[in-house]
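>>> could you look at this predicted model? Sequence included:
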Amino acid sequence: MPLAVYVLGLSVFALGTSEFMLSGILQPLARDLGVSIPQAGLLVSAFAIGMVVGAPVLAAATLRLPRRTTLITLLAIFGLGQVAGALAPSYGVLFASRVVSALACAGFWAVGAAVAVSLVPVTARARAMAVMVGGLSIANIAGVPAGALLGQHAGWRSAFWAVAGLAAIGLVGVVAAVPRTAVPTGEDRPQLRRELTIYRDKQVWLALTATALNGAAVFALFSYLSPLLTDTAGLAESWVPTVLALFGVGALIGTFIGGRIADAHLFGTLFVGISASTVVLAVLALTAHSPVAAVALSLMLGVTAFTTAPALNARMFNVANAAPTLAGATTTAAFNIGNTVGPWLGGLVIAAHWGYPAVAWTGAALAAAAVGTTVVAHRLHRSTSHSRLIASSTVKALSPAADGATLEDAVPEHALSESTLPQSAERH
């Protein structure tokens, strides 16, 4: 991997810490601002909404700007948003600062993902995205628990100051390591109208839906993991940073596994990872009152949820290969649609007094829906891939059938992934 990819992963560490740290400081923040836990949880949704809106809008607005300059500008705005959050005098101001930070975060992720993918071969896309997603995993291991500790011992505002410092470090790294690129001209010049044509593809919408449902499943629970651990499992509040760190360890393990296998077995990674998340969430709903089970399953959820992340990202770049910037933006938007819907649904369940285990059931149902969406996408992918291969083959190319072999014997299943098809064949 080029050094710039790792620098982008480091920057994502700061972004991810800000996005997820509220799960560890939800209770002290709610007490200080005089709001309920579901209201405080909406701050997670506020960030996600900003990501949903910001990713496609900023990707389109900066399409013809130098990517390095765009990354520097957005990371600086994100850092200022963290400062505003640390100084926020009220819930409303904090809410607004979260939206602004999220807009910058979304734009950075969309452009950064396009830069990372452009720096590596097609066959290494999942590994490049695994490095960036790894920034989120490490944020969960180190950033989120550290934010929880700061929130408990130095006030929740100190966590925002710490993230502002991380953003400054990331900014220095981007300036130093990300290469300068000239804005394409002539026929290669990015055209928004041309890039928007990717949304005519059913596979793009299926990939978007699967990503959103998977994100919603995980964050319906993760946003309220802290009160589930204390109020349902009976753990002391001091245990929350440790369990969040374990979730992050699981996320890093899952990202490593997904990054290694997704390029060769994309759909297999999706099926196994999302199905496993469904099972983990269902078992957690049944055993939430057991401290041991709650801790162990939090670790397992990190593994299963993040095993799918590189595959989900790579798949979107494969089906939207003609528009890499909007592909990154679409993935970011989809992921954060899930981050918006998940905490919202979880808040509704809690407000209905169904208890925190019901939030895990909600996550399991969303994950099951993501499995169903992936099944539909896989069937469509196989039918269109086979029809293209048959249509483009000559009589000689079909000769294996004459020897008693089938098309699947001649072409391995993993060779039918979008990353191995010519770009022209990826458009329906």
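Happy to help now that I have it. Numbers count the residues shown, from 1 in each chain.
>>> distance between the strand or helix carrying residue 313 and the chain's centre?
Here residue 313, judged by DSSP states H and E, is contained in helix 309-319. Remark: helix 309-319 is offset 11 Å from the chain centroid, using C-alpha atoms, centre = their mean, to the nearest Å.
>>> quick one: list the elements packing against that helix.
Judged by 3 or more C-beta pairs under 8 Å, 6 or more residues apart in numbering; DSSP states H and E, helix 309-319 is in contact with helix 91-118, helix 125-138, helix 202-222, helix 240-261, helix 266-287, helix 324-351. Any C-beta I mention is one placed from the backbone N, CA and C, and that applies to glycine too.
>>> kindly export the second one (C-alpha atoms) in PDB.
Read that as helix 125-138. Output in PDB follows, covering the C-alpha atoms of helix 125-138 (Å, rounded to 0.1, in the frame of the first residue of the first chain):
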ATOM      1  CA  ARG A 125      -9.300  -2.300  -3.800                       C
ATOM      2  CA  ALA A 126     -10.700  -4.200  -0.900                       C
ATOM      3  CA  ARG A 127      -7.300  -4.100   0.800                       C
ATOM      4  CA  ALA A 128      -7.000  -0.400   0.300                       C
ATOM      5  CA  MET A 129     -10.400   0.200   1.700                       C
ATOM      6  CA  ALA A 130      -9.500  -2.100   4.600                       C
ATOM      7  CA  VAL A 131      -6.800   0.300   5.500                       C
ATOM      8  CA  MET A 132      -9.200   3.200   5.600                       C
ATOM      9  CA  VAL A 133     -11.900   1.100   7.400                       C
ATOM     10  CA  GLY A 134      -9.100   0.100   9.800                       C
ATOM     11  CA  GLY A 135      -8.900   3.700  10.900                       C
ATOM     12  CA  LEU A 136     -12.500   3.300  12.100                       C
ATOM     13  CA  SER A 137     -11.600   0.000  13.800                       C
ATOM     14  CA  ILE A 138      -8.600   1.600  15.700                       C
END
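>>> between helix 91-118 and it, find me the angle.
Here helix 125-138 points in a direction 150 degrees away from that of helix 91-118 (axes from the mean of the first three to the mean of the last three C-alpha atoms, to 10 degrees).
>>> ok, the fourth one next?
Our comparison of helix 240-261 with helix 91-118, counting by the same axes, to 10 degrees, yields an angle of 20 degrees.
>>> buried stuff in helix 240-261?
By neighbour count on 16 or more other C-beta atoms under 10 Å, the buried set for helix 240-261 is 240-261.
>>> what of the fifth one?
When burial is assessed from 16+ other C-beta under 10 Å, helix 266-287 yields the following buried residues: 266-267, 269-278, 280-285, 287.
>>> check which element follows that helix along the chain.
helix 291-307.
>>> next one: the shortest one
Remark: after helix 125-138, the chain's next helix or strand is helix 144-153, criterion DSSP H and E.
>>> which helices and strands sit right next to that next one?
Using 3+ C-beta pairs under 8 Å, 6+ apart, the elements in contact with helix 144-153 are helix 3-20, helix 22-33, helix 156-177, helix 240-261.
>>> mind showing which ranges of the chain have poor pLDDT?
Counting by pLDDT under 70, the ranges of the chain that qualify are 137, 140, 181-195, 263, 320-325, 328, 385-428.
>>> in it, spot the helix with the most residues.
Using DSSP state H, we find that the single longest helix of the chain is helix 356-392.
>>> now find how far off-centre it is within its chain.
Offset of helix 356-392 from its chain centre (C-alpha atoms, centre = their mean): 17 Å.
>>> which strands and helices sit next to that helix?
Under the contact criterion of 3+ C-beta pairs under 8 Å, 6+ apart, helix 356-392 touches helix 202-222, helix 266-287, helix 324-351, helix 407-410.
>>> ok, now with 10 Å
Here helix 356-392 touches helix 202-222, helix 225-227, helix 266-287, helix 291-307, helix 309-319, helix 324-351, helix 407-410, going by 3 or more C-beta pairs under 10 Å, 6 or more residues apart in numbering; DSSP states H and E.
>>> now do the buried residues in stretch 57-67.
57-60, 62-63, 67.
>>> quick one on the thing from earlier: show me what counts as buried in the helix holding residue 313.
309-319.
>>> which of those sits closest to residue 160?
Nearest to residue 160 out of the buried residues of helix 309-319 is residue 309 (C-beta to C-beta; 25.5 Å).
>>> distance check, the closest one against residue 162.
24 Å (C-beta to C-beta, to the nearest Å).
>>> how close does the most centrally placed residue in the chain sit to residue 297?
In the chain, the centroid-proximal residue (C-alpha atoms, centre = their mean) is residue 335; its distance is 5.0 Å. Residue 335 sits 22 Å away from residue 297, going by C-beta to C-beta.
>>> residue 65 too?
Per C-beta to C-beta, residue 65 is found 44 Å from residue 297.
>>> neighbours of the nearest residue to residue 356 once chain neighbours are set aside, how many?
Take residue 356 and drop its neighbours on the chain: the residue closest to it by C-beta to C-beta, 6 or more residues apart in numbering is residue 228, 4.0 Å away. Residues within reach of residue 228, counting by other C-beta atoms under 10 Å, total 24.
>>> contact partners for residue 228?
By C-beta atoms under 10 Å, 6 or more residues apart in numbering, the contact set of residue 228 is 221-222, 235, 243, 284, 288, 294, 298, 346, 350, 355-357, 359-360.
>>> okay, the closest residue to residue 300 other than its chain neighbours and residue 305: tell me how far apart.
Here the nearest residue to residue 300 in space, its sequence neighbours aside, is residue 280; by C-beta to C-beta, 6+ apart that works out to 4.9 Å. Residue 280 is 9 Å from residue 305, where distance means C-beta to C-beta.
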